[in-house]
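>>> any chance you can model this:
(chains A, B, C, D and E, ligands or ions: 5)
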Amino acid sequence: MLQAQDVQSGYGASKVLFGLNLEIPSHQVVSLLGRNGMGKTTTVRTLMGMLPVQGGQVTFEGKVLNGLRPHHIARLGVGLVPEGRHVFGSLSVQENLVATERNDHHGHWNLERVFTLFPRLKERRTQSARTLSGGEQQMLAIGRALLTNPLLLILDEATEGLAPVIRQEIWACLNQLKSEGQTILLIDKNLKEMRHLVDQHNMIEKGRVVWTGSSQELLEQPELVNQYLGV
Amino acid sequence: MYMLVEQAMNGLQYSALLFLLSAGLTLIFGIMNVVNLAHGSFYMVGAFCAAAAVAATGSFLVAILAALVGAALYGFIVERLIISRLYHRDHLDQVLATLGILLFTNALVTVVFGRSPPFVAIPPLLSGSVPILPGLNYPIMRLAFIAAGVFVAIGLWLLISRTKVGMLVRAGADDSETVEALGVNIRRLFMLVFTLGALLCGFAGVMAAPLLAVEIGMGEKVLITTFVVIVVGGVGSVRGALLGSLLVGMTDSFGRAYIPIWMSQLLPPQYSDSISSSLVSASIYILMAVVLLVKPRGLIPAQR
Amino acid sequence: QEPVKIGFITTLSTPAGYIGEDERDGFALAVKQGAGKLGGVPVDMIIEDDGLKPGSGKQSAEKMLQDGVRVFTGINFSNVLVAVAPSVVKDGGFYISLNAGASNFAGKACNPNFFSVAMQNDSYSDTAAIAANELGVKKIVIMAPAYQAGRDALHGFKSAYKGEILAEIYTKLDQSDFSVELARIRSLQPDGVFEFLPGGAGINFAKQFANSGLNKTVKMVTPLYSMDDRMLAASGDAGEGYYLSTQWTAEQDNAASKQFVAAFEKEYKRRPTVYAATSYDTARLIGSALKAVKGDVKGKPDAFRAALRKADFESVRGKFKFGPNQYPIQDWYLVQVARNAEGKLDYKPISVIAKDHTDPYAPLCKMEK
Amino acid sequence: MNRKYFIVGVIFLILLLVPFIADVTSNSFITNMATRFVIYALAAVSLDLVLGYGAMISFGHAAFFGIGGYVVAIIGFHMDMGDTILGWAGSNSALIVWPLAMLVAAVIGLAMGFLSLRTSGVQFIMITLAFAQMLYFVLVGLVIYGGDDGLSVSVRNAIPGLDVENSTVFYYVCLALMAVWVWICRRIVNSPFGMALRGFKQNERRNINLGYAPMRYKLTAFVISAAGTGLAGALWANYALYASPDMAAWLKSGEFMAMIVLGGMGSIFGPILGAAVYLGLEQTLTAWTENWMLFLGPILVLVILYAKRGLFGWLAGSRSND
Amino acid sequence: MTDMITPKLEIRNLNKAFGALIATNNASLVVGQGELHALIGPNGAGKTTLISQISGELMPDSGTVLLDGRDITRLPAYRRAEVGLARSFQISQLYNEFTAEDNVAMAVQAQSSKRYNLWRNARKDPELREPAKLALAKVGLSDRGNEKVASLAHGEKRQLELAIALSLNASVLLLDEPMAGLGAEESMLMKDILQGLKGQYAMLLVEHDMDIVFALADRVTVLVYGKPIFTGVPDEVREHSAVREAYLGEG
Ligand SMILES: Nc1ncnc2c1ncn2[C@@H]1O[C@H](COP(=O)(O)OP(=O)(O)OP(=O)(O)O)[C@@H](O)[C@H]1O
Ligand SMILES: Nc1ncnc2c1ncn2[C@@H]1O[C@H](COP(=O)(O)OP(=O)(O)OP(=O)(O)O)[C@@H](O)[C@H]1O
Ligand SMILES: CC(C)C[C@H](N)C(=O)O
Ligand SMILES: [Mg+2]
Ligand SMILES: [Mg+2]
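Residues are numbered from 1 along each chain as shown, chains lettered A, B, ... in the order given. Ligands and ions are numbered 1, 2, ... in the order given. Take a look at the predicted model:
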């Protein structure tokens, strides 16, 4: 579905991605692993067109994404849950969800389903998003992305520093999505959970993918984890 | 007493005018972060279009239409050609470029509509005046103006708070990058907001035409006051614009009514006249200075 | 023979731009009628906009002086005139004003090279005052912008008015909202209002005055400059009932005027205002003087001056001559805005206010030589 | 760099030669024209100090221009009247009046800056504008001093041993003052103070972290700039023999800014060119067509959109900002 | 362990909230004389916010900041440099129109009595330039002194950041991700520089790169949701379960 070939990118003078390769097959869950500051978010921002592709090529469903504006890429069917949530503080929960609601790719997500997925959001539907707890904001961000009925869902640190309970809920939800055949690019630090979920891991180090393999393979080579995740 | 009431009404009417102009400007300002000195020009364009329409058809309704279309269209063109290139420039560039637009528009209108001040009659059903208090008559046209202001305020409020576009506009003010990442063409949104702003100016123009002379440079006269309004109210929030309009409108109208009286009591005539006349004109700027010193970001700034 | 350059500085931009336009056209008409000549001497109008800014008017004048222009006119606003005229006469040029009649050069500071063809600014208001007296206006509110002509106007009015002046209000030249002034007027309950508000301000005032219903109870007695043809057109019914003092209207019953009005309407498809008329006169006056010196202003300044003093031309105002301060001595009329035969608003002649009217400063003028 | 100083040299050479050119072409208007350039340049350079180096977008500098002018005019007015100003008999000596004009402008600049500098960004633009407007209306309100149409000045301020009434002499006086002021500004922007000031423009956050107190630097610069603009105003009143409120009108502030941007921001020499170009443009356009705004406007827009570094930046090439 | 060190910089019960979000949650920590103290934690944990409060850019809602036992909590940012605090930024904060040397000279001059001088030419004043050159040498940028910052490589900018901090003749360095955005080699270079500075300054180092942290730090404090959940020597941190859970990710 999505392919990145030796992509270079960064922030102005500071290069972050030095020739990154990534492949996301349809109906699979793919992960990006790596320590802080290795370029995971930068990868995401580049795929989304929020950072210019300085080298290499990104294609989505065969279409070249280089140089497209983010809204364009999003409409092609990429849904983003950005790192740090970025919910719209001055909008209510419900407004956050419907403001960008869309269904160009006959997905089956609508407000009701999101509310059944996250009952807590339903309770708070009228509350302004600024006053939500971190966990709730995270759910909101996920719901918001789902309501764009994306072909590819990208989650950047969706469980970042959330209370274990909430994490469990989110993992559950991701498993459900997977079972429904949703394609997902997952960035997270929580290996144990990911092992059950992810079909293919990508280990990223200093802006390059240095290792690719299944959860099984990852299990068999604990030294990898040690080497690249510093644990 | 009557003086007080009448001034209050005049203040309201002035506030309505200011609100129509500032609502758009403050959005442009707050969301796109563009300082637009040419905003008043759309008001002028609207008024002249209205005048031309009346001259041609004699119908005020057509005039309204003409004003809206004319102003919006001109606004649209300006946005496409120039403003859209200024979004990422610093304020200085924006100030100067829009200053250029302002000068140009004045000349353009002169060329297109000629020099003699056109006439817009008060439509029959709005002419004359009605008693608002026993023994105090007030012009219907001005009442209509106030009504229009209220109407637009409500309309805008609904638009901003109830519609999807409104949500996106607010979301854009919060975090335009994420809005775009979720599939919204933020530039199109900007264009929309800008054109809407121009449209409101056009409306203000046609409403003001029967009351005020339609003349070159009528834009600048209110422009600066409009800026005062949004800076007082707080950049980016329509509520701020509303509050600001009321404050400025009232300050101005009461100031002009009462400052001379107080002054003449305080000072000997030879001074009081000149001093009060200066004070009167300066009053709203004093208001603004005071507000900014207490709340540097204005009374109700858009949260960000 | 190479054309005599005439520096024509006037207000073409800003809301008052239409005034300058009329003056330019009035003058140009005279030149056109002479097939590019005035008094048989080819002339070349150098037109520049002063934007109602004394500063820029002065600049233009200086540039023209350098380019050898000797004859100047055009300026409409006294504040501009006051800034320009001195530098013109200082360099030995002639300034012949086609409208602005500031008091500054009418009295002590009168100058042999300065002529005012339209009037002295006091005149349109002291005559209005006389009219007010006759119309039985006992209590009046008077207002004008705080600038040269405005002050002249109020000065003029006060000098001749007999009743009680309830309030003297200074406005801004470009004021657009008069709600406060109106509120004040209502609370003072005068029988009449005198205002000198040319251009946009006057239109605004008229509209809002009528709109407030005050026009039913309060008489307007003002200079025609506060309700000229174009303003009348722009004010609609609001202008109805105005009493106006003026030195000329398009109905003026004399040959010169009739042919002027006809020619002007033919040329520009609109009726000439008093601005156009006095401007036309100015052109003809200059023509008469150029003729006398065969266009050699530089060489024969004294002859040129003398010829101007004679004022030997067919004025559209009928009889016309200069006083000792080289400001006009002329008749002033009272007209009222009323419906004519076709039911259109127009100036209805009422009476002659003053014959051979001059200005209060003339006596103070001790013209050297 | 050398190229830059070459340009500057040429500019000043031309300015020096103006009166001779005027003689040869026997068209002394050139001198008057140049006098205006020089005076405006003085104002523009002063504004550039805060705008181009301190990143303070003051939309109110016309106020100081007006103040300078009115100081001259009012003193002259009272002396013509033969009365005193608050007991002071007044003076016609440039050596007293002009510094006084600068002083008054500086003092008002101090107050205005102190209040305005509490805000920033758009608010700063607007509050400076507001203060300028206040002053404007005060001037308009001064009916004693001519209200809307201001005051005319009967004679120029005298300088011992110089006949300033002679336009050539007066031109050289203005030119000299302008040159000196430019030199002073150059010193300032290259001094430690100046470096710190420019620091605030480039990276306020870092500057504060290094320990530079924002208010002190910005305010000082603001006051200096006000004084310079005040001097320009005083010269203008002497040149035009006229001082009117529109010296302090907001459009005038806009013109000053336009000159700076035309010439090239943050390069003390840029504004000199800018002033010349802007006024020259205005001059030729007005002479050429009644609707000159129809052209001036778009030119301004185009310059902003496409000629970012301004004329001087373009002539002097590479980096001209210092 | 804490009792053995003499406190240089100390913060007590610091709190800071941005609206609903609590960025610093009752945080206390001590940086000892000459100690290199690392501050780690997930993105958004509040590390930068904490640094900003120490450097005076942000005012804490409550709590105190002590330098040599003196309360500087309410001292305006521009006064803190004087008392010996120097900071480098996570995202380089440099004067882009100046040369590298100018940038450092700005720091030198900020400390000197000349900083209000309106007259002498700052660029030609050895008293300002020499120390600047020295500092550039320290971080290995001597040969780049006359480059405009805009044309420096990212890594060099990070080194320049450090050079500026160094020439403030401060006693405490606050370093926010000095390695951010550096490639492998550059990180190593920076690591050596820091290594060399150890002992001369009390340093508070924010860094995501664990190799470097564990190699350099005397002690490490782990910040999660604005709260220091643990402080200890690197080995302890590696072992500490809560830390793994919250930051390193349990594996
Ligand atoms: N706006 C920015 N400007 C400059 N450099 C940046 C910016 N944002 C991030 N960086 C740098 O880019 C590098 C990669 O950052 P990125 O956010 O991609 O890391 P990450 O892999 O997402 O880590 P994390 O697990 O913390 O999200 C880091 O060194 C970071 O300091
Ligand atoms: N000015 C601000 N207004 C509102 N929230 C803020 C502000 N500054 C920081 N925050 C929030 O405070 C939290 C802490 O931010 P901070 O920059 O301190 O994190 P950090 O630990 O430095 O993360 P990183 O490792 O990515 O640098 C984040 O959630 C951030 O979004
Ligand atoms: C409009 C004109 C009557 C103006 C007046 N003549 C003046 O001197 O300004
Ligand atoms: Mg990340
Ligand atoms: Mg940080």
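>>> can we go C-alpha only for contacts and neighbour counts from here?
Fine.
>>> list, one by one, the residues from the stretch 101-250 of chain D near chain C.
Within the stretch 101-250 of chain D, the positions near chain C by C-alpha under 8 Å from any C-alpha of the partner chain are D:140, D:143, D:146, D:147, D:148, D:149, D:152, D:240, D:242, D:246.
>>> which among those gets closest to chain B?
residue D:143 (5.9 Å; C-alpha to the nearest C-alpha).
>>> residues touching that closest one, list them.
B:274, C:146 (C-alpha atoms under 8 Å, 6 or more residues apart in numbering or on different chains).
>>> tell me how far it lies from ligand 3.
16 Å (C-alpha to the nearest ligand atom, to the nearest Å).
>>> for ligand 3, what's its nearest residue on chain A.
Ligand 3 sits closest to residue A:90 of chain A, with a gap of 54.3 Å, by C-alpha to the nearest ligand atom.
>>> circling back to that earlier point, format the residues of the stretch 101-250 of chain D next to chain C as a markdown table; extra columns: secondary structure.
Compiled in a markdown table, those are given as follows (DSSP: H, G, I helix; E, B strand; the rest coil):
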| residue | secondary structure |
| --- | --- |
| D:140 | helix |
| D:143 | helix |
| D:146 | coil |
| D:147 | helix |
| D:148 | helix |
| D:149 | helix |
| D:152 | strand |
| D:240 | helix |
| D:242 | strand |
| D:246 | helix |
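>>> from the residues you listed, which two are the most distant?
D:143 and D:240 (20.6 Å; C-alpha to C-alpha).
>>> drop anything exposed from the residues of the stretch 101-250 of chain D next to chain C.
Those of these that meet the buried threshold are D:140, D:143, D:146, D:147, D:148, D:149, D:152, D:240, D:242, D:246, by 16 or more other C-alpha atoms under 10 Å in any protein chain shown.
>>> re earlier: tell me the secondary structure for the residue of chain A closest to ligand 3?
Following three-state DSSP, we place residue A:90 in the coil state.
>>> can you pull out the strands in the chain?
Because you didn't say which chain, this covers chain A. A:2-11, A:14-24, A:29-33, A:55-60, A:63-64, A:78-81, A:152-156, A:183-187, A:200-205, A:208-213 (DSSP state E).
>>> switch to chain B, please.
Counting by DSSP E, chain B has strands at residues B:129-133, B:136-139.
>>> quick one, which of the ones you listed is nearest to residue C:274?
The nearest among the strands of chain B, by C-alpha to C-alpha, is strand B:136-139 at 32.9 Å.
>>> is that closest one in proximity to chain C?
Yes: using C-alpha under 8 Å from any C-alpha, strand B:136-139 reaches chain C at B:137, B:138, B:139.
>>> that strand: which residues count as buried?
Those would be B:137, B:138, B:139, for strand B:136-139 by 16+ other C-alpha under 10 Å.
>>> what's in contact with that strand?
Against strand B:136-139 from outside (C-alpha under 8 Å, 6+ apart): B:2, B:6, B:127, B:128, B:129, B:130, B:131, B:132, C:211, C:212, C:213.
>>> check the burial of the first one by counting its neighbours.
A count of neighbours around residue B:2, defined by other C-alpha atoms under 10 Å in any protein chain shown, yields 14.
>>> cool, and the second one?
Residue crowding around residue B:6 was assessed by other C-alpha under 10 Å; the count is 21.
>>> which residues does it contact?
Neighbours of residue B:6 in contact, by C-alpha under 8 Å, 6+ apart: B:138, C:183.
>>> quick one, helices of the chain?
With no chain named, the answer covers chain A. Taking DSSP state H as the test, the helices found in chain A are A:40-47, A:70-75, A:93-99, A:111-117, A:119-123, A:134-146, A:164-179, A:191-197, A:215-220, A:222-229.
>>> not what I meant, chain E
E:47-55, E:77-80, E:100-111, E:126-138, E:154-166, E:184-197, E:210-216, E:234-239, E:241-243.
>>> can you add distance to chain C and give these back as a markdown table?
Below are these laid out as a markdown table (distance: least, C-alpha to the nearest C-alpha, whole Å):
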| stretch | distance to chain C |
| --- | --- |
| helix E:47-55 | 52 |
| helix E:77-80 | 47 |
| helix E:100-111 | 45 |
| helix E:126-138 | 49 |
| helix E:154-166 | 52 |
| helix E:184-197 | 63 |
| helix E:210-216 | 70 |
| helix E:234-239 | 74 |
| helix E:241-243 | 70 |
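>>> longest single helix anywhere in chain B?
Longest helix in chain B by number of residues (criterion: DSSP H): helix B:2-32.
>>> just want the angle from that one to strand B:129-133.
Using axes from the mean of the first three to the mean of the last three C-alpha atoms, to 10 degrees, the direction of helix B:2-32 lies 100 degrees away from that of strand B:129-133.
>>> name the residue of chain D that lies nearest to chain E.
Counting by C-alpha to the nearest C-alpha, chain D gets nearest chain E through residue D:211, at 3.8 Å.
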